[in-house]
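# Dropping the sequence and predicted coords here.
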Amino acid sequence: QSGEVAANPEQYDESYLCPVQVGQTTLNLDFDTGSADLWVFSTLTPKSESTGHSLYNPSTGTKKSGYTWDISYGDGSGASGTVYADKVVVGGVTATSQAVEAATSVSSQFEQDTDNDGLLGLAFSSINTVEPQAQKTFFDSVKGSLAKPLFTADLKKGAAGTYDFGYIDSSKYTGSISYVNVNTANGFWEFTASGYAVGSGSVSGSVGDAIADTGTTLMYLPTTVVQAYYNKVDSADYDSNQGGYTYDCSENLPNFLISLGGKTFTVSGTDINFAPVDSSGETCFGGIQENTGIGMSILGDIFLKSVFVVFDQTQSTPRLGFAAQ
Ligand SMILES: O=C(Cc1ccccc1)Nn1cnc2ccccc21
């Protein structure tokens, strides 16, 4: 089988939500290549936490007795609950007995984002949090039945993009796809990014160890790289209150160039301008921030909306393919 599903941006492209049939209900889920749990708001979630969300009703599923899950994300958000097996359909691609993790508790960040009805993890199943036995991601459940064991991400700035499962749509990118090998030891789509440049010119240095993470909004890079970037933004400075680099919203940001698999990709300065820090719209928060404390770089949505990405398991070593959009 193969299929295509829309990826609809929230305000400021903070995350992208895709319609997914879970049991007999369609929910809007955040497809997340940075985690491996498929969890949903449910009729088991306290009403005080689930108002405004679409809810999965586990009555259509088969309860996996004694199974629980509990996930925490790098930004401090999290959720936990119980586990059911049920039908999950994404763009026509069907997993007949997918582990669906029903939330019995969610953190305030999820409670408040009423567009988001849960997450669909697309990292490696080795980091799924279900106890006593890790469960397969949706992609792992359907991989063997896909025309090709791969999926692609085509996210866009302020517009609907797509995730495709089982095929590469050559109308969605330009030029050739350049591939890098993935190290799955940490359960992420992790690879080595090469040189970078600020503004224009030839790339140099090395960004290093990085993950392709659709579930992270921004780009988190080494301090040396981030300082080199904001040195080119006159009004920029590190604002500890905001927890990152800010600048005057009126200032034009330089492009950021990064070399992956031997090909240089350009993230436009307009894409790096993330959002105002408050309703005055005077000061803006940058889409490139420091990876301090994370342990690797994260190429999140700010980067991913500039490229077409292939998450490829056609070979014994998984690969990431990058092409210009
Ligand atoms: O957790 C992270 C990475 C991160 C972000 C900020 C600081 C440190 C680490 N992303 N992420 C991946 N999936 C997510 C789901 C919800 C929230 C964040 C999510």
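Thanks, I have the structure now.
# Please make it C-alpha for all contacts and neighbour counts, starting now.
Will do.
# Provide a list of residues in contact with Lys63.
Contact analysis of Lys63 by C-alpha atoms under 8 Å, 6 or more residues apart in numbering lists Val83, Tyr84, Ala85.
# Show me what secondary structure element comes after the helix or strand harbouring Ser80.
Assigned by DSSP states H and E, Ser80 falls within strand 78-90. Next helix or strand after strand 78-90 toward the C-terminus (DSSP H and E): strand 93-106.
# just the CA coordinates of that next one, formatted as PDB?
Extracted in PDB, the C-alpha atoms of strand 93-106 (Å, rounded to 0.1, in the frame of the first residue of the first chain):
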ATOM      1  CA  VAL A  93      -2.500   3.400   4.600                       C
ATOM      2  CA  THR A  94      -4.000   1.000   7.300                       C
ATOM      3  CA  ALA A  95      -2.400  -0.600  10.300                       C
ATOM      4  CA  THR A  96      -5.100  -3.100  11.400                       C
ATOM      5  CA  SER A  97      -3.900  -3.600  15.000                       C
ATOM      6  CA  GLN A  98      -1.700  -0.600  15.900                       C
ATOM      7  CA  ALA A  99      -0.700   0.100  19.500                       C
ATOM      8  CA  VAL A 100      -2.800   3.200  20.400                       C
ATOM      9  CA  GLU A 101      -1.600   4.800  23.700                       C
ATOM     10  CA  ALA A 102      -4.700   6.400  25.300                       C
ATOM     11  CA  ALA A 103      -3.800   9.400  27.600                       C
ATOM     12  CA  THR A 104      -5.000   9.300  31.200                       C
ATOM     13  CA  SER A 105      -2.900  12.400  32.000                       C
ATOM     14  CA  VAL A 106      -1.400  15.100  29.800                       C
END
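# Parallel or antiparallel, list what pairs with it.
The strands beside strand 93-106 in its sheet (DSSP bridges) come out as strand 38-40 (parallel), strand 78-90 (antiparallel).
# Would you mind finding the most buried of those?
strand 38-40 (a mean of 27; mean count of other C-alpha atoms under 10 Å).
# what residues does the stretch 101-250 of the chain put near the ligand?
Gly215, Thr216 (C-alpha under 6 Å from any ligand atom).
# Where do the helices of the stretch 101-250 of the chain begin and end?
Secondary structure of the stretch 101-250 of the chain (DSSP state H, counting those that start in this stretch): helices located at 108-112, 138-142, 223-230.
# Mean neighbour count and mean pLDDT for these - can I get that in CSV?
Below are the helices of the stretch 101-250 of the chain laid out as CSV (neighbours: other C-alpha atoms under 10 Å; pLDDT from 0 to 100):
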stretch, mean neighbour count, mean pLDDT
helix 108-112, 15, 98
helix 138-142, 22, 99
helix 223-230, 17, 98
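# Would you reformat these as JSON lines and include distance to Lys157?
Converted to JSON lines, the helices of the stretch 101-250 of the chain look like this (distance: least, C-alpha to C-alpha, whole Å):
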{"stretch": "helix 108-112", "distance to Lys157": "23"}
{"stretch": "helix 138-142", "distance to Lys157": "25"}
{"stretch": "helix 223-230", "distance to Lys157": "21"}
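# Thr94: which of the ones you listed is closest?
When the helices of the stretch 101-250 of the chain are compared by C-alpha to C-alpha, helix 138-142 sits nearest Thr94, at 7.2 Å.
# what about the residue of the stretch 1-150 of the chain found nearest the ligand, neighbour count?
Closest to the ligand within the stretch 1-150 of the chain is Gly74: 3.2 Å, counting by C-alpha to the nearest ligand atom. Look at Gly74: counted by other C-alpha atoms under 10 Å, it has 9 neighbours.
# List the beta-bridge partners for the closest residue to Tyr163 other than its chain neighbours.
Of all residues not flanking Tyr163 in the chain, Ala153 sits nearest, at 4.7 Å (C-alpha to C-alpha, 6 or more residues apart in numbering). Under the criterion DSSP bridges, Ala153 forms beta bridges with Tyr163, Val309.
# quick one, phi/psi of Asp271?
Backbone torsions of Asp271, given as degrees, to the nearest 10, read phi -70, psi -20.
# just Ser59 next, same as before
phi -60, psi -20.
# what about it, how many neighbours?
For Ser59, the count of nearby residues is 12 (other C-alpha under 10 Å).
# How about the contacts made by it?
Here Ser59 is in contact with no residue (C-alpha under 8 Å, 6+ apart).
# Just give me the neighbour total for Gly118.
Around Gly118 there are 30 other residues, counting by other C-alpha under 10 Å.
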